[in-house]
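**Student:** Everything below, folded, please.
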Amino acid sequence: MNATGELSATIDPKELRLALGCFPTGVAVVTTLGSGGVPIGITVSSFNSVSMEPPLILWSLTRRASSLAAFKAHGAFAVNVLAADQEPLCRHFASAEGDRFAGLAWRPGVDGIPVLEGAVAVFECRNWAVYPGGDHEIFLGEVVRYDHWDTVPLVFGKGRLSPLAPGAS
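**Tutor:** Presented below is the predicted three-dimensional model:
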């Protein structure tokens, strides 16, 4: 529907993006290992819980991403939910710059996947399934290990990054 409540004949991608931006999301860096054990990571805001029995989560990645093959090939990934003070890390993993892990604090998680230090929460997962989703691939993972800390998360909404509002946690 448009602003007057009428059904739109066509979907304007720019307007749709603005409307979707009204739903704030958490921000995460999803990590895995590429060929030769090279750590790979990408910033996402498309992360969600799916099931408690079994414990399943999902996230999506554009089919244009150079890291898509690595995420599909490796059997595991980690979702590192970013803290409010990790906005530079969010931007770093969203860029196409060289070695994104150079100088970063991380430890090997399940199956060797990179787990970033300082996150609000970490979900270490094994691939459950990958589904086509338009111009994205949807990754479904089974949570095999997780942890969380009492810090303020970073959120994204209306095109802006910001800390979760005080008193909201």
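
**Student:** which residues sit in contact with the closest residue to residue 104 other than its chain neighbours?
**Tutor:** Closest residue in space to residue 104, ignoring its immediate chain neighbours: residue 116 at 6.9 Å, by Cβ to Cβ, 6 or more residues apart in numbering. Quick note: C-beta positions are derived from backbone N, CA and C, even for glycine. Contact analysis of residue 116 by Cβ atoms under 8 Å, 6 or more residues apart in numbering lists 29, 31, 41, 78, 80, 89, 104-106, 122.

**Student:** could you redo the last one with a cut-off of 10 Å?
**Tutor:** 28-29, 31, 39, 41, 78, 80-83, 86, 89, 93, 101, 104-107, 109, 122 (Cβ atoms under 10 Å, 6 or more residues apart in numbering).

**Student:** Please list only the buried members of those residues.
**Tutor:** 28-29, 31, 39, 41, 78, 80-83, 86, 89, 93, 101, 104, 106, 109, 122 (16 or more other Cβ atoms under 10 Å).

**Student:** Give me the pLDDT for the residue most central in space within the chain.
**Tutor:** Nearest to the geometric centre of the chain sits residue 44, at 3.1 Å (Cα atoms, centre = their mean). Note on residue 44: pLDDT of 92.

**Student:** State the distance from residue 118 to residue 39.
**Tutor:** Applying Cβ to Cβ, to the nearest Å, the value for residue 118 to residue 39 is 16 Å.

**Student:** thinking the residue nearest to the centre of the chain is in contact with residue 78, fair?
**Tutor:** No. Residue 44 lies out of contact with residue 78 (Cβ atoms under 10 Å); the separation is 11.8 Å.

**Student:** Overlap of the contact sets of those two?
**Tutor:** Counting by Cβ under 10 Å, 6+ apart, the residues touching both residue 44 and residue 78 are 28-30.

**Student:** Need these in CSV (columns: distance to residue 58).
**Tutor:** Formatted as CSV, the shared contacts of residue 44 and residue 78 follow (distance: Cβ to Cβ, whole Å):
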residue, distance to residue 58
28, 12
29, 16
30, 11
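
**Student:** This protein: helices as residue ranges?
**Tutor:** Using DSSP state H, the helices of the chain run over 13-20, 68-73, 87-94.

**Student:** Of those, which is nearest residue 148?
**Tutor:** helix 87-94 (17.2 Å; Cβ to Cβ).

**Student:** And the closest one, what's buried?
**Tutor:** Within helix 87-94, the residues that qualify as buried are 89-90, 92-93, counting by 16+ other Cβ under 10 Å.
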